[in-house]
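> Starting from these lines, generate the structure:
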Amino acid sequence: MTDSFTRLFAPIGAAALSFFAAIGRAAIFAGRALLAAVRPPYYPARFVQQLLSIGYFSLPVVGLTALFTGAALAQQIYVGGERFNAASTVPAVTVIAIVRELAPVLGGLMVAGRVSSAMAAELGTMRVTEQIDALVTLRTDPFQFLVAPRLLAAIVVLPILTLVANAIGVMGGYLLAVYRLGFNAASYLETTRDYLEVTDIVSSLVKAAVFGFVLALMGCYHGYHTSGGAAGVGRATTNAVVSAFLLILLANLVITVLVFG
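Next comes the predicted model:
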């Protein structure tokens, strides 16, 4: 009876221990990365390179995502509002939903899909080809040279991308509401301005900074611990994107409910 009980619950216990061990490894990795980011030597050229890679080259996908989402959101709010004779709420609900929720979350997910995978692939390739070991041999801290610039760049640039996404998303709702649903342009903009508060923008920027940290951390973590050759690089890339997506959604829930609830 005891043996059957053990065989039944041993896999569950092993999975739980493995899960908590992974959380511990990621937390230690994050602590080492943050420590490396604040102590010299610094690599400003690497930081600027990552700003361009993460921020500038992500603008098209983030902008298009925000534009299409804003337009679709305005249409759906209008359809739902008509059922309760509340179609006039389209400008207010659209701007609040875009700024507080959709722009930072969708922007973070799109950047994670593009950037976390690239970080994991690059660092994973360096790991399996022993380039990271070569850096250690040359007395260069891999965390300061490889991880810290990516982490800092993502934290800095994600709020900027989110501000752009906020503006483009609101514009998408404005264009559809004015040119398809018959809203007055001046009235739409005035309502948008009246219902947008500073707290909404602060919430958006805080979320974006946290999402930037998460997506860079997951990309670097899985890439840095890659093993198993080319197949291992593929696994690291997949794991980086999946874990970044899940942690972004979890962080969004925590920030929304506990911080700005």
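> residues contacting the residue nearest to the spatial centre of the chain?
For the chain, the residue nearest the mean C-alpha position is G108 (2.9 Å; C-alpha atoms, centre = their mean). Neighbouring residues of G108 by C-beta atoms under 8 Å, 6 or more residues apart in numbering: 158, 162, 207-208, 211-212, 214-215, 248, 252. For glycine as for every other residue, the C-beta is placed from the backbone atoms N, C-alpha and C.
> Out of those residues, which two sit at the greatest distance?
Greatest spatial distance in those: T162 and V214, 13.8 Å, computed using C-beta to C-beta.
> Same drill for the two, tell me which one is more crowded.
More crowded of T162 and V214, by other C-beta atoms under 10 Å: T162, with 30 against 26.
> ok so, going back, which one among the contacts of G108 gets closest to H222?
For these, the nearest to H222 is L215 (11.4 Å; C-beta to C-beta).
> Can you report how many residues lie near the closest one?
Residues lying near L215 (other C-beta under 10 Å) number 32.
> Likewise for the one 4 residues further on?
Other residues near G219 come to 33 when the count uses other C-beta under 10 Å.
> what's the spacing between the helix or strand hosting it and its chain's center?
Assessed by DSSP states H and E, G219 sits inside helix 198-224. Taking C-alpha atoms, centre = their mean, to the nearest Å, one finds helix 198-224 lying 5 Å from the centre of the chain it belongs to.
> Same question for whatever helix or strand comes next after that helix: list its buried residues.
Beyond helix 198-224 in the direction of the C-terminus, DSSP H and E gives the next helix or strand as helix 229-254. Buried residues in helix 229-254, counted by 16 or more other C-beta atoms under 10 Å: 232-233, 235-237, 239-241, 243-245, 247-248, 251-252.
> Check stretch 23-39 too.
Those would be 26, 29-30, 32-34, 36-37, for stretch 23-39 by 16+ other C-beta under 10 Å.
> Repeat that for stretch 78-98.
Buried-residue list, stretch 78-98, by 16+ other C-beta under 10 Å: 78, 87, 89-91, 93-98.
> Hmm, which of the residues you listed is lowest in pLDDT?
The lowest pLDDT within the buried residues of stretch 78-98 belongs to A87, with 78.
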